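Asks: compute the structure for the input listed below.
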Amino acid sequence: MERVTIKIPRPLYRQIQELIRGTGFSSVTEFVVYVLRDVVALGKLNEEGALSEEEKEQIRKRLRSLGYLK
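Replies: Numbering: from 1, shown residues only. Now for the predicted structure:
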């Protein structure tokens, strides 16, 4: 599978390293791919092609719980 590089701030990278320590994730990349797949799965588009307010709120809650949003 072809891959691309996504840049994130180093402090966030370190936070993720701490978060996944002792879990089944073998790397920050593996965790980030897992989270992004989860977020994308929540974001099914409605007929107009935009996320509903409920879907946006679900994504915000998930990102907050993972420490991406405050």
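Asks: the bottom helix or strand of this protein by mean pLDDT?
Replies: In the chain, no helix or strand scores lower on mean pLDDT, DSSP states H and E than helix 53-65, which sits at a mean of 82.
Asks: how far out from the middle of the chain is it?
Replies: Computed by Cα atoms, centre = their mean, to the nearest Å, the separation of helix 53-65 from the middle of its chain amounts to 11 Å.
Asks: may I see the buried residues of it?
Replies: Applying a neighbour-count criterion of 16 or more other Cβ atoms under 10 Å, one finds Ile59 buried in helix 53-65. Using the backbone N, CA and C atoms, a C-beta is placed for each residue, glycine as well.
Asks: which helices and strands does it pack with?
Replies: Helix 53-65 is packed against helix 28-42, with contacts defined by 3 or more Cβ pairs under 8 Å, 6 or more residues apart in numbering; DSSP states H and E.
Asks: got the contact list for the helix it packs on?
Replies: Contact partners of helix 28-42, identified using Cβ atoms under 8 Å, 6 or more residues apart in numbering, comprise 6, 8, 13, 16-17, 19-20, 23, 25, 55, 58-59, 62-63, 66.
Asks: one more time with 6 Å
Replies: Residues from elsewhere that reach helix 28-42 (Cβ atoms under 6 Å, 6 or more residues apart in numbering): 13, 16-17, 20, 25, 58-59.
Asks: highest neighbour count among those?
Replies: Of all those, the highest neighbour tally under other Cβ atoms under 10 Å goes to Ile16, namely 21 neighbours.
Asks: dump the residue contacts of Arg3.
Replies: Arg3 touches nothing, counting by Cβ under 6 Å, 6+ apart.
Asks: re earlier: check the contacts of helix 28-42 and tell me the two furthest apart.
Replies: Using Cβ to Cβ, the contacts of helix 28-42 span at most 26.2 Å, a distance reached by Gln17 and Gln58.
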